[in-house]
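Chemist: predicted model and sequence follow; I will ask about them next.
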Amino acid sequence: MSEVEGTPEGPKIGVDEWVERVEERTGLRTGWTAPIVALVEKIPPAGLLALAVGATALVPFLSSSDYVVRVAVNTVLFALLAVGLNVVVGWAGLLDLGFVAFYGFGAYLYSILSSDQFGVHWPTLLTIPVVVASSILLGLLLGLPSRRLLGDYLAIVTLFFAQIFVVLTTNADRITLPWNDGPTDITGGPNGITSIDPISIFGYDFGSTRSYLWLSLGVFTLVVVALQLVNHSRTGRAWRALREDPLAAEAMSMPVNRLKLLGFMFGAATAGLTGTIFAAVQLGVFPGNFEVPLLITIYAMVILGGAGSIPGVVIGAVLINVSLELLRDPAQARFLFYVTIGLGLLALLRPWQKLAAVAVGTIVFGFVAYQLAERLRPAWVSGSISGGRGSDLLDGWVIHPANSTHLGNAGFVLLIAAVIVISELRGVWRTVLLAPTLYLAAFVWENRLVAEPSVTRILLLGALLIVLMTWRPQGLLGTTRVEIV
Amino acid sequence: MDWNFFVQQLVNGVTLGSVYALIALGYTMVYGILKLLNFAHGEVYMMGAFAGYGILTAFGGALSLSINVVALIVLMLGAAMLGSGLLGVVIERFAYRPLRNAPRIAPLISALGVSFFLQSTALLLFGADFRSYETYEYIDLATGVHWGPLNISVVRIAVILTAVLLMVALMLLVNRTRLGKAMRATAFDREAAAMQGIDVDRVIVATFFIGSALAGAAGVMVGLVFYKVYHLMGFLAGLKGFTAAVVGGIGSIPGAMLGGLLIGLGEAFITGYVSSTFQDVFVFSILIALLLVRPSGLLGRADIQKV
Amino acid sequence: MSRLLELKALAKAFGGLQVIDGLDLHVDEGEIVSVIGPNGAGKTTLFNLITGVYEPDAGTILLGGRSLVGLPPHQITRLGVARTFQTLRLFLNMTVKENVMAAAYGRTRAGVVRSILRTPGMRREEREIHALAEEKLAFFGQRLMGYRWNQPAYSLSYANRRRLEIARATATGARLLLLDEPAAGMNPKETHEITELIGKLRTDGGYTILVIEHDMHVVEGISDRVVALDHGIKIAEGTFGAVATDPRVVEAYLGTKAAATK
């Protein structure tokens, strides 16, 4: 990784030997992503899309559980959102933090046009184009004042916009309109809009979850194909050029401001379109559906998968949405937690002797700590580990006090401190301290985080973003970008 | 016209304004030196408010205070400034420094991560309920200046004075000390400053410490005046602090103070006279309008693009 | 010969510093004009003014009689002025060929709708862009050909990056090329090559060229006319021989004389 940044290690930049190592520097074909990338590269994009869509379409036949199908629908919707955000962030290089508001706007507009809220029930084939066009228009309106702005100004303006959207939807249930007597309820306020019409196309009513899965897969296919075609046109090249160097792009005849707006509008259109399906599937929309935590979820998907790569962000969406679903259940969450830590150690610790030492060290440390606690502070082991698979395995290893909140909080703070210390240390002390830190992580997990899944998900997504940006900004499938050479 | 109401909004505006100004200073200082928008700044302010609350609890809580009130407030401010300052330094070290040569968008995303990480950390540690400073339990709010329509409690006077004091101290630091000189040089041209033998990393760390400490102080002030502290308080305050920095001209220290005051006054009067639900919408509109008319802010200079 | 570019009484100040001060300059069709002058003389600012990065405080800039003042850079490029950058501003993470293809943006039409529908017109245009990029890259002999097309621009050597910048500028369809220190950082052999190349750009490519250069061998080798700037003021103009011996130019370069006659 470090050679990528142009540090003194390795051949000097620009010499032939350095040039030859370009493949290596792109960071894709080395390390643990190499087999995945090799696999993905063997399949043509169309085949990849067909494979992913086909496999997902089969979900209702593999599982009779409506919950599983619903998760699949959500995953496809997230993948759509990630693909849309990828246009703005990954291709055009703009930090759009108002993305979620366009999603919400699409959902609300669809709901207003197809529910009893105003007694309006437009046909779907009219509503969807209207929603998409309105989203584009809204994107244009927001983009216009921001178009001259630096990346960070755009970010804050759009973040404000997202906040305003939530404020408006929460409070627009008692709006005084000049042509109406008394207050008008536009958005239903905190209660949202419910009993929304299902999507209906050519007389076919989408009602079942599985039909929505197929519908959203169809929309996904159309959107991905369209975006891929745009990416392989002069517009796509211009987006990439402006992401690399806006000034040079402008000097090379590309209208940078208009291209930024265009990227922005593409993002808005995709988000708005996804919003309509979301509203129809949910049968209801509420301000809470579109708050900022959703934003960080989509960002995590795009960054994890690799901003700029469509297969990447789709994989990111699948990984994160499925993980978040698993977090809801303590037993599954536990499984996910230990497997992730195990995989992380496996990927990072070399040689295997070191890995084994840390693993054994952690396990031994746990038993010793437990025994000590049992002798010295019996109250610290008097609680019970919340149930599910594997809990009996952990009994006797993880300290679990009866009232775990305070000790768990203290452990959490200590864990952050330990991680900070470890990342500053080098050499043998780092390895030595790793075992107690891992144990501490398990302690905090079992005593505190497992009980608070909604907090834990945002906590983990936040941490994921920091770690990814500092350690592997290109994500899983993105290309390493060389900045200063 | 109701003068009492007007003056009350004026006092409200100045109080809010001094808080926003302190937050804006952190944004503007960091932006001046690193050209980086520190999204997590609002969360640093929130953590400062909780640090103050922690001191209050440690000395017996609002109802059974075991310490002199002045000493308590000094301790609260001290703890919040130290805690927030250190937090700012840690954030710089782990979320921003590795990304100093990365594309512009990278530290912003990392900052987004920090922001949410801190928010949910606070939620985990302190819960979703409001905590209250309950200032009225240990300070008689009736004392203060009562002069015609002007009614201003001793707490507000103390808060405004502290804010002014901190800002004067900052101006002195920036204009009169070696560190301040190094900061100005680094803000002007980081590479040139490094070549002149200025330890740029140290300057950046100091900037983060000072900016974050000011935000921490702002957190305690808000707690003292408006009582409530909670894990989401940093989000909007951060946005408004940033707006204040932009209004004043980002990178300009006097600009941040002016901008803070303007945003505070604007918000107070809009809340008082127009709408108390949609005041944020108005603040946002001010930002948009200003960016259209004068993107470099009131006191900022238009940057010359280097080619 | 007709006037292609004409600057009259051009002025630009940053803060209190007058960087360009009442400058008159013209470039005729098919001419190669070099701008020389010590560091800080305002040469790069001159390029930034012509290409619309900065707007002049006063004066006119005419391209074929049409004023460029106030136009955004991309439109100026579409009207026929393209530049290279002294500091090299390639699209580093795009491939060599893509760098050139991207610069064809201003001379192509297909919008997003046609791109999604892949209309025959759009496909023909794409083929033309590919052909154009290949033609522009072929101008540099084998240097930027073959396997290099699909390599990212950052993998190129320094000299090749300078060449790619020129190729990219020509792909915009410009008639007037502004080259900002095309020989900077090159070894003597490469410098010799670039001198020949600039000549070839005029004879084979039909370009008119305004060039900033420090290397006096290059300036001598290519220039029809040399303009010397100091502190934003034109201090001499004429053939290389006349300008190089002009006492005011010698004075302006005093102290950097060694570098000038290297």
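Modeler: Structure received. Residues are numbered from 1 along each chain as shown, chains lettered A, B, ... in the order given.
Chemist: around chain C, pick out the residues from the stretch 101-250 of chain A.
Modeler: A:226, A:229-230, A:232-238, A:240-241, A:244-245, A:247-250 (C-beta under 8 Å from any C-beta of the partner chain). Just so you know, the C-beta spots here come from the backbone N, C-alpha and C atoms, and that holds for glycine as well.
Chemist: any idea how far C:L7 is from C:S67?
Modeler: Relative to C:S67, C:L7 is positioned 11 Å away (criterion: C-beta to C-beta, to the nearest Å).
Chemist: comparing these two, which residue is more hemmed in?
Modeler: Set side by side, C:L7 and C:S67 show unequal neighbour counts under other C-beta atoms under 10 Å in any protein chain shown, the larger going to C:L7 at 20 against 10.
Chemist: residues contacting that one?
Modeler: C:23-26, C:50, C:59-62 (C-beta atoms under 8 Å, 6 or more residues apart in numbering or on different chains).
Chemist: that one in helix, strand or coil?
Modeler: On the three-state scheme (DSSP: H, G, I helix; E, B strand; the rest coil), C:L7 is labelled strand.
Chemist: chain B contacts on chain C?
Modeler: Within chain C, the positions near chain B by C-beta under 8 Å from any C-beta are C:14, C:44, C:48, C:53, C:85, C:87.
Chemist: run a quick neighbour tally on A:D245.
Modeler: Neighbours of A:D245 under the rule other C-beta under 10 Å: 18.
Chemist: nearest residue to it in space, please, no chain neighbours.
Modeler: The shortest distance from A:D245 to any non-neighbouring residue, by C-beta to C-beta, 6 or more residues apart in numbering or on different chains, is to C:R89 (5.1 Å).
Chemist: shouldn't that neighbour be in contact with A:A241?
Modeler: No - with contact defined as C-beta atoms under 8 Å, C:R89 and A:A241 do not form a contacting pair (10.5 Å).
Chemist: and the residue of chain B closest to chain A?
Modeler: Of all residues in chain B, B:G113 sits closest to chain A, at 2.9 Å by C-beta to the nearest C-beta.
Chemist: actually chain C, sorry about that
Modeler: Among residues of chain C, the one nearest chain A by C-beta to the nearest C-beta turns out to be C:G106. It sits 2.8 Å away.
Chemist: residues near that residue, how many?
Modeler: By other C-beta under 10 Å, 21 other residues sit near C:G106.
Chemist: what's the spacing between it and C:A169?
Modeler: Taking C-beta to C-beta as the measure, C:G106 falls 12 Å from C:A169.
Chemist: helix, strand or coil for the residue nearest to the spatial centre of chain C?
Modeler: By C-alpha atoms, centre = their mean, chain C has its centre lying nearest to C:L178, at 2.1 Å. Three-state secondary structure (criterion: three-state DSSP) places C:L178 in strand.
Chemist: how about it, nearest residue that isn't a chain neighbour?
Modeler: Spatial nearest neighbour of C:L178, chain neighbours left out: C:R83 (4.0 Å); criterion: C-beta to C-beta, 6+ apart.
Chemist: so what sits against both of C:G106 and C:A169?
Modeler: A:M252.
Chemist: shaky segments in the chain?
Modeler: Just so you know, I chose chain A. Across chain A, the ranges flagged by pLDDT under 70 are A:1-33, A:37, A:40, A:146-152, A:386-390, A:479-485.
Chemist: meant chain C actually
Modeler: Judged by pLDDT under 70, the stretches of chain C that qualify are C:1, C:255-262.
Chemist: just for the stretch 1-150 of chain B, where's the confidence low?
Modeler: The stretch 1-150 of chain B contains residues with pLDDT under 70 at B:1.
Chemist: which stretches of it form helices?
Modeler: With DSSP state H, counting those that start in this stretch as the criterion, the stretch 1-150 of chain B has helices at B:3-34, B:41-58, B:69-91, B:105-126, B:135-138.
Chemist: most tightly surrounded among those helices?
Modeler: Each of the helices of the stretch 1-150 of chain B was scored by mean neighbour count; the highest is helix B:41-58, a mean of 26, by mean count of other C-beta atoms under 10 Å in any protein chain shown.
Chemist: pretty sure the residue nearest to the centre of chain C is in contact with C:L49, am I right?
Modeler: No - C:L178 sits out of contact with C:L49 when judged by C-beta under 8 Å, with a separation of 10.7 Å.
Chemist: can you map out the strands along the stretch 201-307 of chain B?
Modeler: Per DSSP state E, counting those that start in this stretch, the stretch 201-307 of chain B carries strands over the ranges B:228-229.
Chemist: interface residues of it facing chain A?
Modeler: Counting by C-beta under 8 Å from any C-beta, the residues of the stretch 201-307 of chain B lying close to chain A are B:235-236, B:239, B:242-243, B:246, B:277-278, B:280-281, B:284, B:287-288, B:291-292, B:295, B:305, B:307.
Chemist: which among these count as buried?
Modeler: Burial of those was assessed by neighbour count (16 or more other C-beta atoms under 10 Å in any protein chain shown); the buried members are B:235, B:239, B:242-243, B:246, B:278, B:280-281, B:284, B:287-288, B:291, B:295, B:307.
Chemist: which element is the spatially most central residue of chain A on?
Modeler: Nearest to the centroid of the C-alpha atoms of chain A, with distances taken as C-alpha atoms, centre = their mean, sits A:M301, at 2.7 Å. Here A:M301 sits within helix A:292-305, counting by DSSP states H and E.
Chemist: helices or strands next to whichever helix or strand comes after that helix in the packing?
Modeler: Secondary structure here is assigned by DSSP H and E; on that basis, the next helix or strand after helix A:292-305 toward the C-terminus is helix A:310-327. In this structure, helix A:310-327 makes packing contacts with helix A:45-57, helix A:66-86, helix A:209-231, helix A:292-305, helix A:330-348, helix A:453-471, judged by 3 or more C-beta pairs under 8 Å, 6 or more residues apart in numbering or on different chains; DSSP states H and E.
Chemist: any idea which of those gets closest to A:S404?
Modeler: Distance to A:S404, taken as C-beta to C-beta, is lowest for helix A:330-348 among the helices and strands packed on helix A:310-327, at 13.2 Å.
Chemist: surely the residue of chain C closest to chain A touches C:R78?
Modeler: Yes - between C:G106 and C:R78 there is a contact at 4.2 Å, judged by C-beta under 8 Å.
Chemist: between those two, what contacts are shared?
Modeler: By the contact definition C-beta under 8 Å, 6+ apart, C:G106 and C:R78 are jointly contacted by A:253, C:172-173.
Chemist: hang on, the earlier thing: in contact with the residue nearest to C:L178, which residues?
Modeler: Taking C-beta under 8 Å, 6+ apart as the criterion, C:R83 is in contact with A:251, C:47, C:50-51, C:169, C:177-180.
Chemist: now swap in C:L132 and tell me
Modeler: Contacts of C:L132 were listed using C-beta under 8 Å, 6+ apart, and they are C:100-101, C:104, C:171.
Chemist: quick check: closest non-adjacent residue to B:I198.
Modeler: Distances taken as C-beta to C-beta, 6+ apart place B:A182 nearest to B:I198, at 4.8 Å, with adjacent residues excluded.
Chemist: before we move on, back to that, could I get the residues of chain C next to chain B as CSV with distance to B:G52 and neighbour count?
Modeler: As requested, these are exported to CSV (distance: C-beta to C-beta, whole Å; neighbours: other C-beta atoms under 10 Å in any protein chain shown):
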residue, distance to B:G52, neighbour count
C:F14, 46, 11
C:T44, 53, 21
C:N48, 51, 25
C:V53, 49, 19
C:F85, 52, 21
C:T87, 49, 10
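Chemist: what's the farthest-apart pair in these?
Modeler: Longest span within these, C-beta to C-beta: C:F14 and C:F85, 18.9 Å.
Chemist: done for today, thanks.
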